[in-house]
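Q: how would this look folded up:
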Amino acid sequence: QVQLVESGGGLVQAGDSLRLSCAASGRTFSNYVMGWFRQAPGKEREFVAAVSGLSVHTVYADSVKDRFTISRDNAKNTVYLQMNSLKPKDTAVYYCAAGPRVGRTEYEYGYWGQGTQVTVSS
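A: Residues are numbered from 1 along each chain as shown. Predicted coordinates:
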């Protein structure tokens, strides 16, 4: 079992930055690919970014590439999502997830956090 707890969400203005954190507990953190997903009101949950266990591979959704950066600190069992140049369309509940391989679909991740709200005002 892996337990995930997100933090760092909040209300910001367009153009601002925010860093989300996800603390993991349970099994060996570095064994898991970590991903971030988001779900806006009335929309399906969508992939944002993922990072492999030793940070060798990272993937991003086109909508956030060049603005968001995913990273992890295996010594702290934590994954981060640095979000720059935020836009109102980035408003969503952000979830971190853990899985066995780098993937862009939620079905590839077996463990999920409870989510943290990010609201970007115009």
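Q: Please, which helix or strand holds the residue nearest to D90 when sequence neighbours are not counted?
A: Spatially, and ignoring its direct neighbours in sequence, D90 is nearest to V120 (5.2 Å; CB to CB, 6 or more residues apart in numbering). (C-beta placed from N, C-alpha, C; glycine too.) Under the criterion of DSSP states H and E, V120 resides in strand 116-121.
Q: Show me which positions of that strand end up buried.
A: Neighbour-count burial for strand 116-121 flags T116, V118, V120 (criterion: 16 or more other CB atoms under 10 Å).
Q: With distance to G26 as extra columns, can I get those residues in a markdown table?
A: Shown next, in a markdown table, are these (distance: CB to CB, whole Å):
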| residue | distance to G26 |
| --- | --- |
| T116 | 19 |
| V118 | 25 |
| V120 | 32 |
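Q: Could I get the buried residue list for stretch 97-105?
A: A97, A98, G99, V102, G103.
Q: So for the chain, which residue is the most central one in space?
A: Closest residue to the average C-alpha location of the chain: W36 at 2.4 Å, with CA atoms, centre = their mean.
Q: For G26, give me its contacts.
A: By CB atoms under 8 Å, 6 or more residues apart in numbering, the contact set of G26 is Q1, V2, Q3.
Q: Below-threshold pLDDT in this structure: ranges please.
A: Within the chain, no range satisfies pLDDT under 70.
Q: So L81 sits against Y95, correct?
A: No: contact criterion CB atoms under 8 Å: L81 and Y95 do not qualify, at 10.5 Å.
Q: Find residues that contact each of the two.
A: Going by CB under 8 Å, 6+ apart, residues that sit against L81 and also against Y95 are W36.
Q: Neighbour count: these two, which is higher?
A: Taking neighbours as other CB atoms under 10 Å, L81 and Y95 compare with L81 leading, 27 against 23.
Q: buried sites along the strand or helix carrying that one?
A: Taking DSSP H and E as the definition, L81 sits inside strand 78-83. Using 16+ other CB under 10 Å as the test for burial, strand 78-83 gives T78, V79, Y80, L81, M83.
Q: Many thanks, have a good one.
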